[in-house]
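J.: Sequence plus the predicted model coming up.
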Amino acid sequence: MIDHDVLDAGLGDADDDDFDEAVEAADAQLPENRYLDREISWLSFNRRVLELAEDPTLPLIERANFLAIFASNLDEFFMVRVAGLKRRINTGLAVPTNVGRAPQDVLADISADAHRLQMRHADAWTTLVRPALADAGIEVSSWGELSAPEQERLSEYFQAQVFPVLMPLAVDPAHPFPYISGLSLNLAIRIRNARTGRQEFARLKVPPMLPRLVEVPHDPDTDTIRYLPLEDLISNHLGDLFPGMEILDHHTFRLTRNEDVAIEEDETENLIQALEAELLRRRFGPPIRLEVTDDMDDVTLDLLISELSITAQEVYRLPGLLDLRGLFELGRIDRPELKYPRHVPKTAVPFQPPEQNGRADVFAAIRSADVLVHHPYESFATSVQAFLEQAARDPHVLAIKQTLYRTSGDSPIVQALIDAAESGKQVLALVEVKARFDEAANIVWARKLEKAGVHVVYGLVGLKTHCKLALVIREEDGVLRHYSHVGTGNYNPKTSRIYEDFGLFTVDDQVGRDLTRLFNELSGYAIEKKFKRLLVAPLHLRKGLLRAIDDERRHALAGRPARIRIKVNSMVDEQIIDALYRASQAGVRVQVWVRGICSLKPGIPGMSENITVRSILGRYLEHSRIFAFDDDGDPHVYIGSADMMHRNLDRRVEALVRVVAPAHVKELTDLFDLAMAETTSSWWLGSDGEWTRHSTGEDGAPLIDLQERTMATVQRRRRARAVR
């Protein structure tokens, strides 16, 4: 059993060689072909998202939303994962993937799989969701399907709102082929000069600042809402852009570029300036995918392939609309019967004010007992946000320290830190400016915080700071008390409405001291390896989990009950997976609840027959991380920021906190029991890497929706308090 009071879980050097050698010896006995390819597994995750869009039992606008989510996910996959593989190939650093395959082979498999998925995605829109929307009175039409009066009104809109911002770019000896920005939607136009008879080419970018779906002026005699894609409107007014020219052909295309950021931090004195420069370079990353409409002629396609220096394998011919991210706009339609029922997050019971219109004292509630909140079922605004806002205005609060990985553009969290600094409090904000795709926004907030007098630091060289931590130091009767928050999700009020996450509030002195030491490490030069209730990456979080897994293995070998439960977004790290295999071989029951990538193979006789893997997708994005070990009747349960990936365990600062209150341990393990139950709707991972959806029972009735059940549980919790 681990002595958690002296667990070495910090950022310092590892020094337990005996444990490492024992692990390596055990790993040598495992079969070689024991992992699933991480890239193919990611595509399987996005296939599960697509299955939700194809599900006729889901609300219709939500199905359209899942089509948009699929498209957005796939864009990021190409910009980061595929781009990374290509970069490794092009630089000659073609290191084998996690399953020992050459990146060139994996890239070929990804291309074939992605082509199939994109065709299925396009088909889901054209044959399933679009017709169903039309039946419900929401039509996404083509120009030819509009009446003459509708076309006339849209032509007026074009002249007033669209035409002035269009910028057609000719391609000829005097005008080189223009730069095509990543993810932009474009028209490739072939025209004939009426005077010279020469065929010429032009590129026209569809303005991204305009609505992608243009609402057709409403007919008062019908309840039908009609939309026309913006590119269709532009295509039917090309004569206005090229007067005197004959329009021979036009087609839509879209380019994806490598948009991953790479910075050599150890050679960079000013990280902010280096990152700003890299963000400018990102716009010019090499092309990695070209999407075109399936009716594009060979002349136009050959020109694009040549000018963009892209291969035929990277061309995706698709029917229907390109860039279905535009379907996000349908969410603005006021048709509640076509959406998930509205859910208003409830205030966690301990943070509910004692009187109807009173204000809760967050600090008093936390002093009374640890508080565990579950977003979005319980309100972020009346818990995390209220905690920081009360700290900002409380005259007894002396200091606030917080990590910021991603936050929203109008963040009340950032404003609370600014207010605290301006009122004379000591405020430290650790802003992670390397948060992928949020770099530019985080730079803006870092500058704003600095101007307000906040001490802004950017973490440790070579590491992303991904942990979710807030610490408030308050003077109470001459004694300084630590109020701590450790979460699984970002301090982002907007995503907190759709991301499922947990957060623990506590005044436990041990947690407070742990956070103080960790913040000192992140902001200065103090080195403190010993933490009491935290497991901290990069060096010791993995080791702490490996020890906990090995303890369960030992319990099983000794004939004692043993069980491991892990909930993460991704399960890729080979050392963790191998430890779970060894535990399974010893008879430990292992349950893994994963949202996205899983490289673990469950159900293999002699290796993983005791391992079960489930995935749950729904209206909320499952984002929390939970690690639960039975530990011979003394459950050790952690929540925190770390996924089981190399980047999280080796190249990020991550933190898990142990949850100790029996009621909180029960809440987390009960949630896990519900997720893994055969009566709950979920996807099951087979030993062959295939995910199978289980959403209905043998009688055809729908299985339990975990997220709906959790909403009801939280609602009852509030009612029980009201009855008291």
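T.: Cool, got the structure. Numbering: from 1, shown residues only.
J.: Tell me where the stretch 501-650 of the chain is predicted with low confidence.
T.: 525-529 (pLDDT under 70).
J.: can you pull out the strands in it?
T.: Shown for the stretch 501-650 of the chain, the strands assigned by DSSP state E, counting those that start in this stretch span residues 534-536, 563-568, 589-594, 611-615, 621-622, 625-629, 636-640.
J.: quick one, helices of the stretch 451-600 of the chain?
T.: In the stretch 451-600 of the chain, the helices defined using DSSP state H, counting those that start in this stretch lie at 509-523, 540-557, 574-585.
J.: nearest to His121, of those helices?
T.: When these are compared by CB to CB, helix 574-585 sits nearest His121, at 30.2 Å. Glycine gets a C-beta too; all of them are placed from N, C-alpha and C.
J.: Give me the angle between that closest one and strand 563-568.
T.: For helix 574-585 against strand 563-568, the angle by axes from the mean of the first three to the mean of the last three CA atoms, to 10 degrees is 150 degrees.
J.: ok now do Glu450, which residues does it touch?
T.: The contact partners of Glu450, taken as CB atoms under 8 Å, 6 or more residues apart in numbering, are Val456.
J.: re earlier: deepest-packed of the strands of the stretch 501-650 of the chain, please.
T.: Mean neighbour count (mean count of other CB atoms under 10 Å) peaks for strand 534-536 among those, with a mean of 28.
J.: same for that strand, what does it pack against?
T.: Strand 534-536 sits against helix 509-523, helix 540-557, strand 655-659, with contacts defined as 3 or more CB pairs under 8 Å, 6 or more residues apart in numbering; DSSP states H and E.
J.: could you say what helices and strands the last one packs with?
T.: The contact analysis (3+ CB pairs under 8 Å, 6+ apart) places strand 655-659 against strand 534-536, helix 540-557, strand 636-640.
J.: Same list (the ones you listed) but as a markdown table, adding distance to Ala194.
T.: Converted to a markdown table, those look like this (distance: least, CB to CB, whole Å):
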| stretch | distance to Ala194 |
| --- | --- |
| strand 534-536 | 71 |
| helix 540-557 | 69 |
| strand 636-640 | 67 |
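J.: And the ones you listed: which comes nearest Thr126?
T.: That would be strand 636-640 among the helices and strands packed on strand 655-659, by CB to CB, at 42.5 Å.
J.: Find the least confident helix or strand in this structure, judged by mean pLDDT.
T.: None of the helices or strands of the chain scores lower by mean pLDDT, DSSP states H and E than helix 271-282, at a mean of 50.
J.: Next secondary structure element downstream of that helix?
T.: Counting by DSSP states H and E, the next helix or strand C-terminal to helix 271-282 is strand 287-293.
J.: export that next one as PDB, just CAs?
T.: In PDB, the C-alpha atoms belonging to strand 287-293 read as follows (Å, rounded to 0.1, in the frame of the first residue of the first chain):
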ATOM      1  CA  PRO A 287      -1.000  22.500 -47.400                       C
ATOM      2  CA  ILE A 288      -2.100  19.100 -46.100                       C
ATOM      3  CA  ARG A 289      -5.600  18.700 -47.500                       C
ATOM      4  CA  LEU A 290      -7.600  20.100 -50.400                       C
ATOM      5  CA  GLU A 291     -11.400  19.700 -50.400                       C
ATOM      6  CA  VAL A 292     -13.200  20.200 -53.700                       C
ATOM      7  CA  THR A 293     -16.700  19.700 -54.900                       C
END
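J.: Can you add distance to Ala677 and give the strands of the stretch 501-650 of the chain back as a markdown table?
T.: Listed next are these as a markdown table, based on distance: least, CB to CB, whole Å:
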| stretch | distance to Ala677 |
| --- | --- |
| strand 534-536 | 28 |
| strand 563-568 | 13 |
| strand 589-594 | 11 |
| strand 611-615 | 9 |
| strand 621-622 | 16 |
| strand 625-629 | 16 |
| strand 636-640 | 19 |
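J.: Out of those strands, which is closest to Pro602?
T.: Closest of those to Pro602 is strand 611-615, at 4.3 Å (criterion: CB to CB).
J.: Tell me how confident the model is about stretch 371-382, as a mean pLDDT.
T.: Averaging pLDDT along stretch 371-382 gives 96.
J.: what does it rub up against?
T.: By CB under 8 Å, 6+ apart, the residues outside stretch 371-382 that reach it are 343, 345-348, 350-351, 360, 365, 383-384, 412, 489, 493, 496-506, 620, 659, 661, 664, 667-668, 710-711, 713-714.
J.: ditto for stretch 196-205
T.: The contact list for stretch 196-205 (CB under 8 Å, 6+ apart) reads 166-172, 177-178, 180-181, 184-193, 234, 238, 241-242, 248, 300, 303.
J.: Separate out the buried members of these.
T.: The neighbour count (16 or more other CB atoms under 10 Å) marks 166, 169, 171, 178, 180, 184-191, 234, 238, 241-242, 300, 303 as buried among these.
J.: Tell me which of these fall in strands.
T.: Using DSSP state E, Leu169, Val171, Leu185, Asn186, Leu187, Ala188, Ile189, Arg190, Ile191 are the members of the buried ones among the contacts of stretch 196-205 that sit in strands.
J.: who are the neighbours in contact with Arg153?
T.: By CB under 8 Å, 6+ apart, the residues touching Arg153 are Val216, Pro217.
J.: ok, now with 7 Å
T.: For Arg153, the contact set (CB atoms under 7 Å, 6 or more residues apart in numbering) comprises Pro217.
J.: Assign a three-state SS to it, would you?
T.: When classified by DSSP: H, G, I helix; E, B strand; the rest coil, Arg153 comes out as helix.
J.: quick one: which helix or strand includes Asn357?
T.: Using DSSP H and E, Asn357 maps to neither a helix nor a strand.
J.: so who does it touch?
T.: No residues are in contact with Asn357 under the rule CB under 7 Å, 6+ apart.
J.: Backbone dihedrals for Arg254, both of them.
T.: Backbone torsions of Arg254, given as degrees, to the nearest 10, read phi -150, psi 140.
J.: Can you name the next helix or strand after the host helix or strand of Arg116?
T.: Using DSSP H and E, Arg116 maps to helix 103-123. On the C-terminal side of helix 103-123, the closest following helix or strand by DSSP H and E is helix 130-135.
J.: List the buried residues of that next one.
T.: The neighbour-count check on helix 130-135 (16+ other CB under 10 Å) flags Arg130, Leu133 as buried.
J.: What average pLDDT does it get?
T.: Helix 130-135 comes out at a mean pLDDT of 97.
J.: contacting residues around it?
T.: With CB under 7 Å, 6+ apart, helix 130-135 has contacts from Leu60, Ala64, Glu139, Val140.
J.: Please list the members of the residues you listed that lie in strands.
T.: Among the contacts of helix 130-135, the members falling in strands (DSSP E) are Glu139, Val140.
J.: I'd like the contacts of helix 130-135 written out as a markdown table, with neighbour count and distance to Val206 added.
T.: Output for the contacts of helix 130-135, formatted as a markdown table (neighbours: other CB atoms under 10 Å; distance: CB to CB, whole Å):
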| residue | neighbour count | distance to Val206 |
| --- | --- | --- |
| Leu60 | 19 | 26 |
| Ala64 | 28 | 20 |
| Glu139 | 18 | 21 |
| Val140 | 23 | 16 |
